[in-house]
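A structural model of the following input is requested.
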Amino acid sequence: MKLSCLPVSLFKEMTGGAMTIPQWAELAGRIGFDGFDISSMFIKNHTPVYLNQLKKELARQPLPLVMMTAYPDFTVPDCVQREREEAYFLADLAAASQLGCRYLRITAGQFYPDTNIGKTMEQVMEILKKMREAAEQSQVRLVYENHAKPSAWEYFDFTYDPELFLEICGRLRKIDIGVNFDVGNLTAFGTDPLEILRRIYGQVETVHISDMKEYGSFCPTAIGRGKAPVAEVLQFLKDRSFSGWVSVEEASEHGYTGIRDAYVYIKENLE
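Numbers count the residues shown, from 1 in each chain. This is a model prediction of the structure:
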């Protein structure tokens, strides 16, 4: 297994300009990671001039850019806004492709009040199929996550409920989109992550290792100190010789120290 990291604990520094993407890549390498991840929120703009310059700067770093996480909201009731969300995601896809990113994390969107589950599921799958076709042309692999809730959203993800996540996983097989399996999000919902992982393991291409303070509550904490079965999931992957990327989604708000400690904990559990 190769390790990358999504530095949630550094989001304020990254989005505020205190740390650049190349600086994050350099820091990830010093810690010991094999690759690094970014959020689409780290991208200052989507102009070719900016992206070409960023690509040149990243080419000087030894680590590959593994995954970019995007936050499309394809469930928004307003049809005009849904079209905008598609355009926003395609812009993120173009940026990921230009930067040589291997994976792009895709989401369904929010679970809005009065959501018609059946109708929304069909709507989401139609859009996901369209996005997958665009990603294939761009040579970027889409991975769908059992997502929870970014700070910019008002509601939790449409498939935060494991039953809906499992349903959409069954449909993803037909349109060839992989899965980014998140350990902490299932813990936050109150479901055993290992039970779900066993059921969809064949579709999992990347893994987010995150942790939660309490079982059944979305409250991120330092990896290895919460209620998520992180060690058990790592052992499960190790026993099956998982060859995909394991991304440390470090959200303890402890900055560099939290990321470094998470790396050490995971490496110890993989030995």
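
wait, doesn't Phe158 sit right on Leu164?
Yes - assessed by Cβ atoms under 8 Å, Phe158 is found in contact with Leu164 at 6.7 Å. C-betas here are computed from N, CA, C, even on glycine.

who's more crowded, these two?
With neighbours defined as other Cβ atoms under 10 Å, Phe158 and Leu164 compare such that Phe158 has more, 25 against 18.

pLDDT score assigned to the residue nearest to the more buried one when sequence neighbours are not counted?
Nearest residue to Phe158, sequence neighbours excluded (Cβ to Cβ, 6 or more residues apart in numbering): Ala108, at 4.2 Å. Looking at Ala108, its pLDDT is 97.

need the longest helix for the protein.
helix 117-138 (DSSP state H).

show me what that helix is packed against.
Under the contact definition 3 or more Cβ pairs under 8 Å, 6 or more residues apart in numbering; DSSP states H and E, helix 117-138 sits against helix 79-98, strand 103-106, strand 141-145, helix 162-175.

quick one: mean pLDDT over it.
97.

what separates that helix from the chain centre, distance-wise?
17 Å (Cα atoms, centre = their mean, to the nearest Å).

ok, and what's touching that helix?
For helix 117-138, the surrounding residues in contact (Cβ atoms under 8 Å, 6 or more residues apart in numbering) are 72, 74-75, 82, 86, 89-90, 93-94, 96-97, 104, 106, 108-109, 141-142, 144, 158, 164, 167-168, 171-172, 175-177.

hmm, which of these are the buried ones?
72, 74-75, 82, 86, 89-90, 93-94, 96-97, 104, 106, 108-109, 141-142, 144, 158, 164, 168, 171-172, 177 (16 or more other Cβ atoms under 10 Å).

let me know the outermost residue of this protein.
Asp114 (26.8 Å; Cα atoms, centre = their mean).

distance-wise, check it relative to Met121.
As judged by Cβ to Cβ, to the nearest Å, Asp114 and Met121 stand 15 Å apart.

pairing partners for the closest residue to Ser39 other than its chain neighbours in the sheet, please.
The shortest distance from Ser39 to any non-neighbouring residue, by Cβ to Cβ, 6+ apart, is to Thr69 (5.0 Å). As for beta bridges, Thr69 partners with Ser39, Arg105 under DSSP bridges.

my read: Thr69 touches Arg105, true?
Yes - with contact defined as Cβ under 8 Å, Thr69 counts as touching Arg105 (4.2 Å).
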